[in-house]
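Student: Okay, predicted coordinates and the sequence, questions at the end:
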Amino acid sequence: MRFADPLYLILLLVPTGWAWLRWRDRRRRPAERIGFPGLAFLAGAPTTPRARWSWLPDALTMLGLALLIVALARPQVPHEVRQIRSKSRNIMLALDISSSMKAGDFRPGNRLMVARQVLADFTRERKGDLLGLVIFAGRAFLQAPLTPDTDLLDRMLSRVDIGMLPDGTAIGTAIGLCLNQVKDLPATASVIVLITDGANNTGKPSPLVAAEAARAIGIRIHTIGVSAADTSGSDKRFIWRWGGRTPDRLTSSDEAMLKRISERSGGRYFRATDPEALAHILSAIDPIERREVKISETRDYRELYAYALAPALVLFAAGIVLGATRLRSVP
């Protein structure tokens, strides 16, 4: 079950607060009252049923108000759920958006702009495949879960930018988040494509532990190191904040780590030196075998607000009638 307008549920604080105030007032003696000493002998008299049930009108009204608020929130249940069978690849893209991706050694823009454009072109050609997007820097974030909607993924890519996450390079965390999306899908049709220009320096698990987890469930990880072959024309003013080195190119240790991640999971490592090379590398995903996947798609929801609205009106009416007749009280 779900609520179409869940914000209305905040109004449930109104009957809750009202109930608490009424309970407090009933336990507290009134500040001003008239005493009748001559009636002191009635202090030990038994309480009549009418007095014992004097709280009922208020309780019915409060419960009716709570049900009315639930009806306003429009509870719904799935009415038509279709099982769709589709032959597809399951591709999770992990894109580095750390500050080092600002380096302008890829033309006509910086590394992130070029990677974002190449990925957008790549997703438009994947009709029939399921694609998802994870962005990462100091933390990892699921920007788009696996979906056949390439237009949605295109829009998500257009919103990705440096500064959306704390700085750093959490490669292992990004791989773990990708694995969580494909772990229950056919392994032979699933792959993770990791695009980065640096080495892991934060987050858990470590990249090799994440790669071992991928190997255990049969998911391949292809890693792409983004760095220009010739760095003589790159932006020397931008200094990498960890270690005081320029981010112009991947070091041999960075590449060694990316190769180990790929090799451990059965994937491949690629070095992207320009936009054309990056596009060519991504085309290597095509030979992956498509496998049939069942997808549950909810087409319609059945409204349940009437099941809360009708009792609410009955309770309101009962509270008003009882408060004006049988259980009427005089202040």
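Tutor: Nice, I can see it. Numbering: from 1, shown residues only.

Student: for this protein, what spans make up the strands?
Tutor: Counting by DSSP state E, the segments of the chain that form strands are 2-3, 75-88, 90-96, 130-136, 140-147, 190-196, 220-226, 269-272, 291-303.

Student: Relative to the whole chain's centre, how far out is the fourth one?
Tutor: With CA atoms, centre = their mean, to the nearest Å as the basis, the distance from the averaged C-alpha position of strand 130-136 to the chain average is 13 Å.

Student: Export only the CA atoms of that strand, formatted as PDB.
Tutor: The C-alpha trace of strand 130-136 is given here as PDB (Å, rounded to 0.1, in the frame of the first residue of the first chain):
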ATOM      1  CA  LEU A 130      18.700  -1.800 -18.500                       C
ATOM      2  CA  LEU A 131      21.100   1.000 -17.400                       C
ATOM      3  CA  GLY A 132      21.800   2.700 -14.100                       C
ATOM      4  CA  LEU A 133      24.100   5.500 -12.900                       C
ATOM      5  CA  VAL A 134      26.200   5.900  -9.800                       C
ATOM      6  CA  ILE A 135      28.100   9.100  -9.200                       C
ATOM      7  CA  PHE A 136      31.000   9.200  -6.700                       C
END
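
Student: Sheet partners, orientation included, of it?
Tutor: strand 90-96 (parallel), strand 140-147 (antiparallel) (DSSP bridges).

Student: what does the shortest one give?
Tutor: In its sheet, strand 2-3 lies beside strand 75-88 (antiparallel), with partners assigned from DSSP bridges.

Student: could the strands paired with strand 130-136 go into a markdown table alongside mean neighbour count?
Tutor: Yep, even glycine has a C-beta here, placed from its N, CA and C like the rest. Shown next, in a markdown table, are these (neighbours: other CB atoms under 10 Å):
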| stretch | mean neighbour count |
| --- | --- |
| strand 90-96 | 25 |
| strand 140-147 | 18 |
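
Student: Pipe those strands into JSON lines and attach distance to Thr61 and mean pLDDT per row.
Tutor: Shown next, in JSON lines, are the strands paired with strand 130-136 (distance: least, CB to CB, whole Å; pLDDT from 0 to 100):
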{"stretch": "strand 90-96", "distance to Thr61": "53", "mean pLDDT": "90"}
{"stretch": "strand 140-147", "distance to Thr61": "44", "mean pLDDT": "89"}
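
Student: So for Ile10, which of those sits nearest?
Tutor: With CB to CB as the criterion, Ile10 lies closest to strand 140-147 of the strands paired with strand 130-136, at 27.1 Å.

Student: what's the angle from that closest one to strand 190-196?
Tutor: Going by axes from the mean of the first three to the mean of the last three CA atoms, to 10 degrees, strand 140-147 is angled at 140 degrees with respect to strand 190-196.

Student: Extract the C-alpha trace of strand 140-147 and format it as PDB.
Tutor: The C-alpha trace of strand 140-147 is given here as PDB (Å, rounded to 0.1, in the frame of the first residue of the first chain):
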ATOM      1  CA  ALA A 140      28.800   7.400  -3.700                       C
ATOM      2  CA  PHE A 141      25.200   8.200  -4.700                       C
ATOM      3  CA  LEU A 142      22.700   6.300  -6.800                       C
ATOM      4  CA  GLN A 143      21.700   8.900  -9.400                       C
ATOM      5  CA  ALA A 144      19.500   6.500 -11.400                       C
ATOM      6  CA  PRO A 145      18.600   2.800 -10.600                       C
ATOM      7  CA  LEU A 146      18.500   0.300 -13.400                       C
ATOM      8  CA  THR A 147      15.900   1.400 -15.900                       C
END
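
Student: Just say which of the strands of the chain is most tucked in.
Tutor: Greatest average neighbour count among these goes to strand 190-196 (a mean of 27), per mean count of other CB atoms under 10 Å.

Student: who does that one pair up with?
Tutor: strand 90-96 (parallel), strand 220-226 (parallel).

Student: What lies in contact with the last one?
Tutor: If you take CB atoms under 8 Å, 6 or more residues apart in numbering as the criterion, strand 220-226 is touched by 96, 101, 106, 111, 115, 175, 190-197, 211, 214, 250, 254-255, 258-259, 261-262, 265-272, 278, 281-282, 284-285.
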